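Undergrad: okay, here's the prediction I keep looking at, along with the sequence it came from:
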Amino acid sequence: MAPRIHADLIQGTDEWLAARCGLLTASEMHLILTPTLKAARNDKERSHLYELAAQRLTQFVEPRYISDDMLRGRDDELEALSVYARYYAPVEAVGFVTNDKWGFTIGYSPDAFVGSDGLVEAKSRRQKFQVETFAVNVMERTIPADFALQVQTGLLVSEREWCDLISYSAGLPMAVIRAYPDEAIQSAIVSAAGAFEERLADTLTKYHEAVKASGAVPTQRRAPEQEMVL
């Protein structure tokens, strides 16, 4: 099975949120797999399990707070892609990619595709991390640890041959580090994702049994502007 490319989706829109609703995605892989490639068993992993279970039940993604840093990051990443296209290679916007060849689906929202075999991930960085990236990762040609799982999941899902990580901090040089598929990391990703999907399915079964046994009364969702999420 080949990756399914949802090229017409625009990231951040309601349609994009609907496409990724209930799916384990590349940007959240760090919640279920540790940097040492061990399956996570902690509060963040359990929280994510229940979040995706709820999304599969309701087909609804609860709104999240957008901070000033997130807004700055969005603008920086657009500028980073523009600089990359000017000095490295043309880029193609892609909304979402899914792949279900393992018997379950993993999603990925690439920042862009490059040609027929590449992709890019653009990251807005605070200046201290940009200096560290040049001093450590550029010299060693390694992806910063915070992004390694996302990059490898993106390569796994898209089945592309390489990914350029763009590290951008306005006022400092832009770093571009190329990554290739890493069999050990990708094997750990598939294993952790498969175990997570099994636990998610078990959670949904227990939920349905509990609802039926308790005779719980159904409720109706309010209009989005009336929602208050704690």
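TA: Arrived safely, thanks for sending.

Undergrad: how far away is the residue most central in space within the chain from residue 144?
TA: Centroid check for the chain by CA atoms, centre = their mean gives residue 27 as the closest residue, at 2.0 Å. Distance of residue 27 to residue 144, given as CB to CB, to the nearest Å: 15 Å. For the C-beta atoms, the positions are set from N, CA and C on the backbone; glycine is no exception.

Undergrad: then residue 124?
TA: According to CB to CB, residue 124 and residue 144 sit 13 Å apart.

Undergrad: residue 138 and residue 173 touch, don't they?
TA: No - in this structure residue 138 lies outside contact range of residue 173 using CB atoms under 8 Å: 9.4 Å.

Undergrad: now stretch 121-138: buried residues?
TA: 121, 122, 123, 124, 125, 130, 133, 137 (16 or more other CB atoms under 10 Å).

Undergrad: just these: which are in strands?
TA: Of the positions in the buried residues of stretch 121-138, 121, 122, 123, 124 sit in strands, assigned by DSSP state E.

Undergrad: for the spatially closest residue to the third one that is not a sequence neighbour, grab the count of nearby residues.
TA: What that stands for is residue 123. Leaving out its chain neighbours, the residue that sits closest to residue 123 by CB to CB, 6 or more residues apart in numbering is residue 167, at 5.5 Å. Counted by other CB atoms under 10 Å, the residues lying close to residue 167 total 26.

Undergrad: can you give me the strands for the chain?
TA: Using DSSP E, the strands of the chain run over residues 4-6, 24-25, 96-99, 106-108, 112-114, 118-124, 162-168, 175-179.

Undergrad: so where's the chain shaky on pLDDT?
TA: Residue ranges of the chain with pLDDT under 70: 65-71, 73, 223-230.

Undergrad: number of nearby residues for residue 75?
TA: Residue 75: 11 surrounding residues under other CB under 10 Å.

Undergrad: and what of residue 108?
TA: 25.

Undergrad: re the thing from before, of all the strands of the chain, which lies closest to residue 206?
TA: Taking CB to CB, strand 24-25 is the member of the strands of the chain nearest to residue 206, at 19.2 Å.

Undergrad: report all helices and strands that the longest helix seen in the chain contacts.
TA: For the chain, the helix with the greatest residue count under DSSP state H is helix 183-214. The contact analysis (3 or more CB pairs under 8 Å, 6 or more residues apart in numbering; DSSP states H and E) places helix 183-214 against strand 24-25, helix 43-58, helix 145-158.

Undergrad: those into CSV, with extra columns for mean neighbour count and distance to residue 220?
TA: Converted to CSV, these look like this (neighbours: other CB atoms under 10 Å; distance: least, CB to CB, whole Å):
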stretch, mean neighbour count, distance to residue 220
strand 24-25, 22, 28
helix 43-58, 15, 11
helix 145-158, 22, 36
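
Undergrad: these into JSON lines, with extra columns for distance to residue 199?
TA: Converted to JSON lines, the helices and strands packed on helix 183-214 look like this (distance: least, CB to CB, whole Å):
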{"stretch": "strand 24-25", "distance to residue 199": "11"}
{"stretch": "helix 43-58", "distance to residue 199": "6"}
{"stretch": "helix 145-158", "distance to residue 199": "18"}
